[in-house]
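Q: build me a structure from this.
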Amino acid sequence: MTPAQVLMEIEKSGGSIRLDRDQIRYAIPKPAAWLVPEVQRQRGAIVELLGRRRSIPPMPSGVRLLRWSPKTPPVVLQQCSVVIDVEKFIVATLAQLKARLQGKDFAAGNWSKRELIERLEQVGVEVEVDMEKSS
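A: A predicted model of the protein is given here:
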C-alpha cells in the first residue's frame, strides 16, 4: 500500500490525518484501525506527502491571499457537500476562480466569484480579488 493509498483509506473511513509540525496526528475509526501500523511503517513518506499537501498553491492573477488555515477534512460545505481532500479542493477552486475572473463561465463550474470565494472560506482560505489586476 502506497502512502497516498494509506491517506485515502483513512479519509475514506471517516478518519483524519495531518501534520502538526513534524508529528503525524490522526483520528482513525475502529474499523480502520488496521491502518495504524501502515502509518507507523511508512511514517517518513507520509510526513513528506502531508507536507506537500499543506503547501500554499499559487494564487491566480489579481487574487491576494488573506488567510491560509485549511481545515481538517472532512469539511461540510453545503448540505450534501463534503470535502475529503481539502488541498485538492482548494487548488481546483482557485482554478475555477481564475476562470471566473477571465470570464470563462463553464471552466468556473458556473459558480459566481462570490460563491467561489465563500467556498474557499468554508475550508479555511480567505482571499481578496483585486479587480484591476484580475481583468
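Q: between its first and last residues, how far does stretch 16-30 reach?
A: Using Cα to Cα, to the nearest Å, one end of stretch 16-30 lies 13 Å from the other.
Q: burial measure for Pro3, as a count.
A: Pro3: 19 surrounding residues under other Cβ atoms under 10 Å. C-betas here are computed from N, CA, C, even on glycine.
Q: now do the one 4 residues further on
A: Counted with other Cβ under 10 Å, residues neighbouring Leu7 total 22.
Q: just checking, what packs against the helix or strand of the chain with the lowest mean pLDDT?
A: Using mean pLDDT, DSSP states H and E, strand 75-78 stands out as the lowest-scoring helix or strand of the chain, at a mean of 76. Strand 75-78 sits against strand 81-83, helix 113-122, with contacts defined as 3 or more Cβ pairs under 8 Å, 6 or more residues apart in numbering; DSSP states H and E.
Q: for the shortest one, buried residues please.
A: Buried residues in strand 81-83, defined by neighbour count with 16 or more other Cβ atoms under 10 Å: Val83.
Q: list of residues touching the longest helix anywhere in the chain?
A: Secondary structure of the chain per DSSP state H: the longest helix is helix 86-101. Helix 86-101 has contacts (Cβ atoms under 8 Å, 6 or more residues apart in numbering) with 53-54, 57, 59-63, 70-73, 75, 83, 105-109, 111-113, 116-117, 119-120, 123-125, 127, 129, 134-135.
Q: for it, buried residues please.
A: 86-87, 89-90, 93-101.
Q: can you list the residues you listed in CSV and add pLDDT and distance to Gly15?
A: Below are these laid out as CSV (pLDDT from 0 to 100; distance: Cβ to Cβ, whole Å):
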residue, pLDDT, distance to Gly15
Val86, 94, 14
Glu87, 92, 17
Phe89, 96, 18
Ile90, 95, 20
Thr93, 96, 24
Leu94, 96, 26
Ala95, 96, 28
Gln96, 97, 28
Leu97, 96, 30
Lys98, 95, 32
Ala99, 96, 33
Arg100, 95, 34
Leu101, 95, 36
